[in-house]
Each structure stands twice: as structure tokens, then as C-alpha cells.
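S.K.: Only the shape, not the letters, is given here:
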């Protein structure tokens, strides 16, 4: 059943005096004198939310690693802990979680004392879809999505992030936004309600 | 001999000034239009080139001039270029009969700020206005493209319909003034202490509709119809040739027809009118410049009104446009003519 909605037809006075024209014109005139809402992009930039999925990076060891997971993984993978460098424990879970695994190039470096440390970690972002599955898979909160989203570059080579670049992005992130509150869930009561208090049970 | 030389010199200066005004203001109206459109949509418009985008028209012009001049493979090159000239020349030529102000005295010589005060000025305006249809039909035909041809046919249909309506609409003011000379129409309004808008509102509405239709402005921009026809008859033009068509159609023609509307309905250079009583001039402190400022102000307001309409209204269908022309506007104009004939003796006195 299709419900038909009619507009009230204009009466003869309204037709003669162009009432509907005038209504439309007042709307546009009101809008014309309101403040503009443009962000002047190259000169002004908006800060993305903390959960924004931009360029990937490696957080560095700074004493705020998730415990006890980090110590367990360091023990299991025989990693030498070097404060100030990447938290990566070379578990390859990110590569396993990735829908395009060939974009990762991960190699560990074996040290003379029998321990290991991350040696090569290249990410080819030409293939990356920024889905964030690798970030979810990372057991030590090392790999993460930063808010860097201006990804244009002059050559394809620039799109490949090596370990140095990833660590740099990570240090930058930890300096700027690590301590910022993650506001997406805490602020939005309605959204929390929808998620926690629904009665749907999936068997 | 000396007299002729001086007269020729004066005419040459007038031509140069009018050309500069027509094309310069026409080019800068692109910026005005973009700014108005942007603010209606709560954007700031061009902001980068110059202060608030003031140099944007120059940048656009340089860009258009330096672009490659493309030509469709099976088009007719002669008609293709002729259409451009036929669009530009009549539109600018109309400025020859637009009176900008009262006669001024320079060096003991009375100069009328109008290029030629021909005694059939209004007739000239609409004669030249009708020539626009040739330009558009030729542009559509010579481009050898179906979009261009459909666009030009639509536009030709609209112009032919509205030429009739606009001619009957202006007959009202002409009847009250008793002359076809633009200069004397304004003078008659000043002498009768009456803007013809007060007694000819119907004619003014018909005139405005026809203005929008002839210049291809929204709500009658069916020949452009971006969503259906790409851009209508200009689709095969490139570079500055493409730039000239909208310049002529959207800006110069709107400017001329707005100026003629001001002459016919709003008393040209006269200040604010109280019907039959006189004129109130809040700009008296400008002295001899006040009439020119009034004229420019009125034309500017009318032009802004057209832009405002453009960015408010949606587009009519082609059959609705022609139906409005023949079934509503033409009978209204004729009715207005009859009523004007009855009240005219009251105004002549």
C-alpha cells in the first residue's frame, strides 16, 4: 500500500503574489548572511578523532606497555628490550591478520647473545586498505593507526614505510595524543545504550 | 572640420569606456556570482587568489586563454567561429542605447552619457536581443554534437516564445512615456514624477520572467541543464571560446537587460520616487555624481536579485517554460496593455 502525500495546492492569491517564490527567497537570504562553515583546507586542518585509521606506526618502549602481555611475549619470543625503540616482538600476528599479507615484510635480527630484535619491518601502504585488522591483532599494543592521513607522495617508494618511519610516527603519536581520552564511547550515552542494553540474544 | 574631429573623439572615448564597462564588469560578475552562490550555500567561495578571491577572474581569464583550442572533427569551422561573434557583438552593442545619467557639461560642451540617443532605442535593444537566437542556433549546429544541438534548439524555442512576451511587456511603459528613445523615457518619468514600476507591476513581472528566460538563468536554464545536456550548446567549445559564451549570456546580457529594466521601470538615474509627488534623494551629498550612482545602484540591485533567484529556484521543464510564455505571460502582457491604454491619459495629463 503506497501512501500518497499531497502538498496543499496554492490558492489563487498565493499564485498571483508568488508566495512560494518569496518563501524560497527568504530561506536563501537567511542562509546567505549566516557564518560560513567551510574549513579552508590547506590552511586549516581538522584534528581527526583518536580512533581515526590513518598511516600506521610503531609505538616505542616507554614503560607504558600493556602488562603482563608484553613481558610474556618478550619471554616467549626471546626479544631483547631496548627502551626507545619499537615494541615489536616479531610474532607476525599482524601479517597473519592482514587481508593482503604481502604488504608486510618482517624479519627479526638475531643478536650474539641469543636474543632477537626486530630488524626489518616494511609496510607497503599502496596495498593497505587501512582496515585496522593488524592493529587489533597486535598483542603488545605496538602497531597502531595514527591520525596522519595526507598520504599523497611523489613516488611509489614513498608509500613504503620502513621501521624508522614507523617508529617516528609512533614517537610523534605518543608525544601528541597518547594520553588523550578516547571519547567515542564515553561521550555518547545513546550509543552506549544501544550497544549494552539491547535484548537481542544470538544463539 | 574641427567640430567633426572633436565629435568623433568624444564618440571614440564613449565606445572605449562602454566596452571597458561591459566586458570588465561582465568578467567581474563571474566573481560576484560565485560569491553570492557560495554564501547562499554557506561557503565563502573563491578565497585564495587575491584578497577574498578578488583576482580570481583574471586567473580564470589567463587560464582560459592559454588553453588548447579544440574543434570537433566534423564541425563547420566558419559557423563555429561566426556563432561566437554573433553572440558577443549584439550583446555588447545594446549598451549603445543605455543612458547612464543626465547630460553633463565638459568644457562648455553638453555631453549625454549615452553612445547614441537614437529615437528607436528600445526597438534596437529588442532587435539585437533577437539576434542572440542566431548565435545559439549556429553554435549548436556547427558543433556537430547532439547535446549542443538539443541545447540550442531548446534555447531557440524559449527565446522565440519570450521575445513576444517581453515586447508586449515593454509596450506599457513605452505608451506612458510616448517615446522609444531610452533617454527620453527616463526624462518622461522624471517629468511625470512617476516610476513606471508603480503603475506597471504586471509588465515588470512579465519582463523579469522574460529576462530570466532570454539570458538562460534559473529557473529557465533548460538549455544548460547540466544533468541532461552537459552544458548545452557550449559543450564543443574550448578555452576562451567556451569562456565567452557564459560571459555573454549570463553576465553581459543580464547586465544590459537589467539596465533596460531600470530605464523602463525604475526611472533610470532618478532617485527614490514617491508616486506623483516627487523624488527623495538620500545621496544628495554626492552632487553631480548622484544620478550615476543611483543608476549603477539600481542595476546592481536588480542583478543581485537575478543571482539570488538563480541560486534559490529549481529548473522548469521545457514544456512548462513555453506554456508559461504563451498561456500566462502573453495574455497578462496584453491585458496590461489594455489597462495601460485606459490609464495613460491620467498620467499624461
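M.R.: Arrived safely. Computed from a prediction, not measured in an experiment: that's the story for all the values here. Numbering: from 1, shown residues only, chains lettered A, B, ... in the order given.

S.K.: Can you get me a residue count around residue B:279?
M.R.: Per other CB atoms under 10 Å in any protein chain shown, the neighbour tally for residue B:279 reads 15. C-beta coordinates here come from the backbone N, C-alpha and C atoms, glycine included.

S.K.: where's it relative to residue B:62, distance?
M.R.: Here residue B:279 is placed at a distance of 45 Å from residue B:62 (CB to CB, to the nearest Å).

S.K.: quick one, what contacts the closest residue in space to residue A:166 that isn't next to it in sequence?
M.R.: Among residues not flanking residue A:166 along the chain, residue A:58 sits closest, at 4.1 Å (CB to CB, 6 or more residues apart in numbering or on different chains). By CB atoms under 8 Å, 6 or more residues apart in numbering or on different chains, the residues touching residue A:58 are A:86, A:87, A:88, A:121, A:142, A:143, A:144, A:163, A:166, A:167, A:169, A:170.

S.K.: Phi, psi for the fourth one please.
M.R.: Read that as residue A:121. As for residue A:121, its main-chain torsions (degrees, to the nearest 10) stand at phi -140, psi 90.

S.K.: Let's see the pLDDT reported for the residue lying closest to it once chain neighbours are set aside.
M.R.: Excluding the flanking residues, the one nearest residue A:121 by CB to CB, 6+ apart is residue A:163, at 4.4 Å. On pLDDT, residue A:163 comes in at 89.

S.K.: residue contacts, residue A:163?
M.R.: A:58, A:86, A:118, A:119, A:120, A:121, A:122.

S.K.: Centre-most residue in chain A?
M.R.: Nearest to the geometric centre of chain A sits residue A:53, at 1.6 Å (CA atoms, centre = their mean).

S.K.: What residues does the closest residue to that one other than its chain neighbours make contact with?
M.R.: Distances taken as CB to CB, 6+ apart place residue A:145 nearest to residue A:53, at 4.2 Å, with adjacent residues excluded. By CB under 8 Å, 6+ apart, the contact list for residue A:145 reads A:51, A:52, A:53, A:54, A:55, A:56, A:57, A:130, A:132, A:135.

S.K.: Please apply the same query to residue A:64.
M.R.: Contacts of residue A:64 by CB under 8 Å, 6+ apart are residue A:178.

S.K.: Which of the three states applies to it?
M.R.: State at residue A:64, reduced to three classes by DSSP: H, G, I helix; E, B strand; the rest coil: coil.

S.K.: what's the distance between it and residue B:71?
M.R.: Using CB to CB, we find residue A:64 at a distance of 67 Å from residue B:71.

S.K.: same thing with residue A:56?
M.R.: Counting by CB to CB, the gap from residue A:56 to residue B:71 is 50 Å.

S.K.: Looking at these two, which is more packed in?
M.R.: A count of neighbours by other CB under 10 Å puts residue A:56 above the other of residue A:56 and residue B:71, at 23 against 15.

S.K.: for the more buried one, what are its contacts?
M.R.: Neighbour list for residue A:56: A:123, A:125, A:128, A:134, A:135, A:143, A:144, A:145, A:146, A:161, A:166, A:169 [criterion: CB under 8 Å, 6+ apart].

S.K.: Please name the bridge partners of it.
M.R.: As for beta bridges, residue A:56 partners with residue A:145 under DSSP bridges.

S.K.: re earlier: would you check that the residue nearest to the centre of chain A makes contact with residue A:132?
M.R.: Yes - here residue A:53 reaches residue A:132: they are 5.0 Å apart, a contact under CB atoms under 8 Å.

S.K.: so how far is residue B:282 from the residue nearest to residue A:53?
M.R.: In terms of CB to CB, residue A:145 sits 63 Å off from residue B:282.

S.K.: that older thread, out of the contacts of residue A:163, who has the most neighbours?
M.R.: Most neighbours among the contacts of residue A:163, by other CB under 10 Å: residue A:58, with 26 neighbours.

S.K.: And for stretch B:247-256, what's in contact with it?
M.R.: Residues contacting stretch B:247-256 (CB under 8 Å, 6+ apart): B:22-23, B:25-27, B:29-30, B:33, B:87-88, B:91-92, B:94-95, B:98, B:125, B:129, B:132, B:211, B:214-217, B:299, B:303, B:306.

S.K.: wait, stretch A:102-118
M.R.: Stretch A:102-118 has contacts (CB under 8 Å, 6+ apart) with A:77-80, A:82, A:85-86, A:88-90, A:92, A:94-95, A:98, A:119-128, A:134, A:163.

S.K.: Mind jotting down where the helices sit in chain A?
M.R.: Remark: helices assigned in chain A by DSSP state H are A:12-16, A:19-32, A:69-77, A:93-97, A:133-137, A:163-176, A:183-187, A:189-196.

S.K.: Okay, now the unreliable bits of the chain?
M.R.: Picking chain A for this. Counting by pLDDT under 70, the low-confidence segments of chain A come to A:1, A:4, A:183-203.

S.K.: was after chain B, sorry
M.R.: Across chain B, the ranges flagged by pLDDT under 70 are B:225-227, B:349.

S.K.: Near chain A, which residues of it are found?
M.R.: B:36, B:38-44, B:47, B:308-309, B:311-313 (CB under 8 Å from any CB of the partner chain).

S.K.: Which among the residues you listed count as buried?
M.R.: Buried residues within those, defined by neighbour count using 16 or more other CB atoms under 10 Å in any protein chain shown: B:36, B:38, B:39, B:40, B:47, B:308, B:309, B:311, B:312, B:313.

S.K.: For the last one, which three-state class applies?
M.R.: Just to be clear, that refers to residue B:313. With three-state DSSP as the criterion, residue B:313 reads coil.

S.K.: wait, isn't residue A:124 in contact with residue A:159?
M.R.: Yes - using CB under 8 Å, residue A:124 is in contact with residue A:159, at 6.8 Å.

S.K.: Beta-bridge partners for residue B:109, please?
M.R.: Beta-bridge partners, per DSSP bridges, of residue B:109: residue B:106.

S.K.: and it, how far is that from residue B:102?
M.R.: In terms of CB to CB, residue B:109 sits 15 Å off from residue B:102.

S.K.: Who has more neighbours out of the two?
M.R.: Between residue B:109 and residue B:102, counted using other CB under 10 Å, residue B:102 has the larger neighbour count: 19 against 10.

S.K.: List the residues that contact that one.
M.R.: Residue B:102 sits next to B:113, B:269, B:291 when contact means CB under 8 Å, 6+ apart.

S.K.: Give me the subset of the residues you listed lying in helices.
M.R.: Counting by DSSP H, the contacts of residue B:102 place residue B:291 in helices.

S.K.: The residue in the stretch 201-349 of chain B positioned nearest to chain A: what's it in contact with?
M.R.: In the stretch 201-349 of chain B, the residue that lies nearest chain A is residue B:312 (4.5 Å; CB to the nearest CB). Residue B:312 sits next to A:21, A:24, A:25, A:27, A:28, B:40 when contact means CB under 8 Å, 6+ apart.

S.K.: swap the cut-off to 7 Å and go again
M.R.: A:24, A:25, A:28 (CB atoms under 7 Å, 6 or more residues apart in numbering or on different chains).

S.K.: quick one: the last one from chain B, how far?
M.R.: Pointing back at residue A:28 there. The gap separating residue A:28 from chain B is 4 Å, by CB to the nearest CB, to the nearest Å.
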